[in-house]
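[1] the sequence and its predicted three-dimensional model are supplied below.
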Amino acid sequence: MKRVDDFRLKFGKQELVPIIIGGMGVDISTAELALEAARLGGIGHLSDAMMEDVSDRRFDTSFVKEKTKQYKYNINNSDKTDIKFDLGRLAEATKNHVGKTMEAKRGDGMIFVNCMEKLTMNGPRETLKVRLASSLDAGIDGITLSAGLHFGSFGLMEDHPRFRDAKLGIIVSSVRALQIFLRKNAKLNRLPDYIVVEGPLAGGHLGFGLDWAKYDLQTIIAEIALYLKTENLDIPLIAAGGIFTGSDAVSFLENGAAAVQVATRFTVTNECGLPEDVKQEYFKATESNIEVNTISPTGYPMRMLTNTPAIGSGIRPGCESYGYLLDGNGGCAYITSYNREVAAHPDEKNIVVMDKTCLCTHMRNFKCWTCGHYTYRLKDTTRQLPDGSYQLLTAEHVFRDYQFSVDHQIALPA
Ligand SMILES: Cc1cc2nc3c(=O)[nH]c(=O)nc-3n(C[C@H](O)[C@H](O)[C@H](O)COP(=O)(O)O)c2cc1C
C-alpha cells in the first residue's frame with residue numbers, strides 16, 4: 001500500500017514532497033504555515049491579497065492608515081472612481097511580507113505566492129504588474145495565478161529577470177480554461193511550470209457555477225492529462241479540492257497527478273491565520289453548515305460556513321481603506337447592492353445586504369468564513385477537550401499525516 005512519501009514532485013533536479021499548502025487569503029495561509037511546509041520539504045503559499053494590510057499587521061507599517069487619510073473625503077460618496085493604489089507603497093508592502101518570509105525560510109521546500117487576479121484594485125494591469133514584480137524581486141520561489149486567471153499575467157512578467165527562473169503556475173478548473181491560457185500565451189515561449197487543477201470541493205472561490213456538484217476532480221484531471229498528451233506537453237498537474245487523507249492524495253498521485261494541493265485541513269492548525277474562535281467554528285461545522293453562495297462581489301461562487309458573519313451584513317463599503325476589488329472603473333458589485341439598499345431604506349440605520357458582501361473588509365476581519373467542502377470532517381482529525389472545544393493541531397502534524405498515512409487513517413494529536 002503506497003503512501004504520499006513514496007512519490008516526489010520534480011522540478012528539474014529539485015525533488016519535493018508532493019504536498020502543497022494552497023494559498024488562503026487574507027493571511028489565512030500565513031508565513032508561519034508556508035514556512036512549515038517548506039521546512040518539511042513541500043511547498044507553502046503566501047497569499048498576496050491585501051498586502052498593505054498584512055504588512056501593517058505584521059511589520060507595523062501604516063499603509064492602510066495613510067490610504068484612509070488620503071481618501072477620507074470620499075467616505076460618504078457612492079462613487080469610488082478616485083480611489084487608487086499608490087504603486088510604491090504596494091511594492092513596499094509586498095517586499096516586506098515576501099522578503100521577510102523568504103529570509104526566514106529553512107529546509108528543502110519552496111514558498112510560492114498565490115496571486116488572486118480578481119483583485120483588480122481599480123487599476124488591473126498596473127497593480128498586478130507591481131504585485132508580480134515585487135514578489136519576484138523579494139525572492140519568492142514561485143507564483144500561482146488564481147481566481148480570475150488573467151490571461152495576460154505572464155506577459156506582465158515577461159521583462160522581469162526572473163521570468164524564466166521562478167516557478168510560475170496557474171489554477172484551472174477545466175480543460176477549456178487551460179486551452180485559452182496556453183493559446184493566449186503561446187508567443188511568450190514560456191509554459192507554466194505546473195498546473196493546479198482545482199475541483200468543486202475546494203475552499204475559497206470556485207471555478208464552477210452553482211452546478212458545481214455535477215463536476216468531479218478525477219474526471220477533470222483525466223481530461224487535462226489527455227489534452228496535454230495530445231499536445232505533447234509535459235507539465236506537472238497538481239490535484240486540489242477535497243483531498244482529505246493521505247490515501248485520497250495517493251489515489252491522485254497514482255492516476256497521473258504530480259502533487260496535491262490541500263488547504264482545509266490546515267485551517268485548524270496553530271500556524272493558520274484564522275483567530276482561535278473561528279477555528280473552533282470550523283471544527284464544529286456539520287455538513288449542513290456549509291454552503292456555496294454568490295455573495296462574493298467577484299462574480300465567482302464561494303464556499304463558506306452558513307453562520308458566516310459577512311452574510312447579510314450591510315456595512316459601508318470600505319474602499320477608502322481597502323478597495324482591492326474595485327474594477328478598473330471604481331466599481332464593485334457590493335457597492336451597487338449597498339447603494340440600492342440605502343436608497344430603498346433611507347431611514348434605516350442598520351442596512352441588510354443579502355446578495356453581496358463587502359469582501360475586503362470581512363476577509364480582513366476574518367468575518368467571511370470560507371472553507372472547503374469537507375470542513376465538517378475536521379472534528380474527526382483531533383480530540384475534543386473537557387470544555388467541549390477542539391484541540392488545535394500543528395501544521396507539522398497535519399503535513400506528516402498526509403505524507404505517511406495509509407488506509408484513509410487520520411492520526412490524532414498526542
Ligand atoms: C479558508 C480558505 C481560503 C482560501 N483562499 C484562497 C485564495 O485566496 N486563493 C486561492 O486561489 N485559493 C484559495 N483557497 C483554495 C485553496 O488554496 C485550495 O486550492 C483548496 O482549498 C484545496 O482543497 P481543500 O481545501 O479541500 O484541501 C482557499 C481555501 C480555504 C480553505
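    Here it is on my side, so go on. Numbering: from 1, shown residues only.
[2] tell me the gap between the lengthiest helix in the chain and the middle of its chain.
    Longest helix of the chain, by residue count under DSSP state H: helix 87-104. Between the centre of helix 87-104 and the centre of its chain there are 18 Å (CA atoms, centre = their mean, to the nearest Å).
[3] now the angle between helix 87-104 and the following helix or strand past it, please.
    The first helix or strand that comes after helix 87-104 along the chain, using DSSP states H and E, is strand 110-116. Here the directions of strand 110-116 and helix 87-104 differ by 150 degrees (axes from the mean of the first three to the mean of the last three CA atoms, to 10 degrees).
[4] ok, strand 110-116: who's next to it in the sheet?
    Sheet pairing for strand 110-116, assigned by DSSP bridges, gives strand 43-47 (parallel), strand 142-146 (parallel).
[5] re earlier: CA-only coordinates of the longest helix of the chain in PDB, if you can.
    Taking Å, rounded to 0.1, in the frame of the first residue of the first chain, the C-alpha atoms of helix 87-104 are listed here in PDB:
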ATOM      1  CA  LEU A  87       2.200  51.700  -6.500                       C
ATOM      2  CA  GLY A  88       5.300  52.400  -4.500                       C
ATOM      3  CA  ARG A  89       3.500  51.500  -1.300                       C
ATOM      4  CA  LEU A  90       2.100  48.400  -2.800                       C
ATOM      5  CA  ALA A  91       5.600  47.300  -3.900                       C
ATOM      6  CA  GLU A  92       7.000  48.000  -0.400                       C
ATOM      7  CA  ALA A  93       4.200  46.100   1.300                       C
ATOM      8  CA  THR A  94       4.800  43.100  -0.900                       C
ATOM      9  CA  LYS A  95       8.500  43.200  -0.500                       C
ATOM     10  CA  ASN A  96       8.100  43.300   3.300                       C
ATOM     11  CA  HIS A  97       5.900  40.300   3.500                       C
ATOM     12  CA  VAL A  98       7.500  38.200   0.800                       C
ATOM     13  CA  GLY A  99      11.100  39.200   1.600                       C
ATOM     14  CA  LYS A 100      10.900  38.600   5.300                       C
ATOM     15  CA  THR A 101       9.300  35.200   4.800                       C
ATOM     16  CA  MET A 102      12.000  34.200   2.300                       C
ATOM     17  CA  GLU A 103      14.700  35.300   4.700                       C
ATOM     18  CA  ALA A 104      13.200  33.000   7.300                       C
END
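[6] pLDDT (mean, whole number) over it?
    The average of the pLDDT scores along helix 87-104 is 98.
[7] which strands and helices sit next to it?
    Contacting helix 87-104 under the criterion 3 or more CB pairs under 8 Å, 6 or more residues apart in numbering; DSSP states H and E are the following elements: helix 31-39, strand 43-47, helix 51-59, helix 63-71, strand 110-116, helix 124-137. Quick note: C-beta positions are derived from backbone N, CA and C, even for glycine.
[8] nearest to Ser173, of the ones you listed?
    strand 110-116 (14.7 Å; CB to CB).
[9] so what touches that closest one?
    Taking contacts as CB atoms under 8 Å, 6 or more residues apart in numbering, the residues outside strand 110-116 that touch it are 14, 16, 20, 22-25, 29, 34-35, 37-38, 43-49, 98, 101-102, 105, 128, 131-132, 135, 140-148, 153, 167, 169.
[10] tell me the most buried of the helices and strands packed on helix 87-104?
    Each of the helices and strands packed on helix 87-104 was given a mean neighbour count from mean count of other CB atoms under 10 Å, and the largest, a mean of 29, is that of strand 43-47.
[11] pLDDT averaged over that one, what's the number?
    Per-residue scores along strand 43-47 average to 98.
[12] with stretch 148-163 instead?
    Mean predicted lDDT for stretch 148-163 stands at 91.
[13] any buried residues in it, and which?
    Within stretch 148-163, the residues scored as buried using 16 or more other CB atoms under 10 Å are 148-151, 153-157, 160, 163.
[14] measure Glu158 to the ligand for me?
    For Glu158, the distance to the ligand equals 23 Å [CB to the nearest ligand atom, to the nearest Å].
[15] pretty sure that residue sits against Leu188.
    Yes. Contact criterion CB atoms under 8 Å: Glu158 and Leu188 qualify, at 6.1 Å.
[16] now do the contacts for the residue in the stretch 151-300 of the chain that the ligand sits nearest to.
    Nearest to the ligand in the stretch 151-300 of the chain, going by CB to the nearest ligand atom, is Gly203, at a distance of 2.5 Å. Residues in contact with Gly203, defined by CB under 8 Å, 6+ apart, are 22, 24, 263-264, 267, 303, 370-373, 375.
[17] just Cys368 next, same as before
    Cys368 neighbours (CB under 8 Å, 6+ apart): 304, 308-310, 357, 359, 362.
[18] same question, Phe181
    Neighbours of Phe181 in contact, by CB under 8 Å, 6+ apart: 149, 151, 170, 172, 192.
[19] skipping adjacent residues, who's closest to Cys371 in space?
    Once flanking residues are discounted, Cys371 sits nearest to Gly203: 5.0 Å by CB to CB, 6 or more residues apart in numbering.
[20] is stretch 139-149 in proximity to the ligand?
    Yes. Using CB under 6 Å from any ligand atom, stretch 139-149 reaches the ligand at 146-147.
[21] gap between that stretch and the chain center?
    10 Å.
[22] same question, stretch 187-200
    16 Å.
[23] show me where the stretch 301-414 of the chain has helices.
    Ranges of helices in the stretch 301-414 of the chain, per DSSP state H, counting those that start in this stretch, are 333-344, 359-364, 395-404.
[24] switch the ones you listed over to a markdown table; also include mean neighbour count and distance to Gly299.
    Shown next, in a markdown table, are the helices of the stretch 301-414 of the chain (neighbours: other CB atoms under 10 Å; distance: least, CB to CB, whole Å):
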| stretch | mean neighbour count | distance to Gly299 |
| --- | --- | --- |
| helix 333-344 | 16 | 7 |
| helix 359-364 | 24 | 11 |
| helix 395-404 | 21 | 32 |
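[25] which of those helices sits closest to Leu233?
    Across the helices of the stretch 301-414 of the chain, closest to Leu233 is helix 395-404 (CB to CB), at 27.8 Å.
[26] and that closest one, what does it pack onto?
    Under the contact rule (3+ CB pairs under 8 Å, 6+ apart), helix 395-404 is packed against strand 19-21, helix 31-39, helix 246-254.
[27] quick one, what contacts the residue of the chain positioned farthest from its centre?
    Within the chain, the residue lying farthest from the chain centre (CA atoms, centre = their mean) is Asp347, at 38.5 Å. Under the criterion of CB under 8 Å, 6+ apart, Asp347 has no neighbours.
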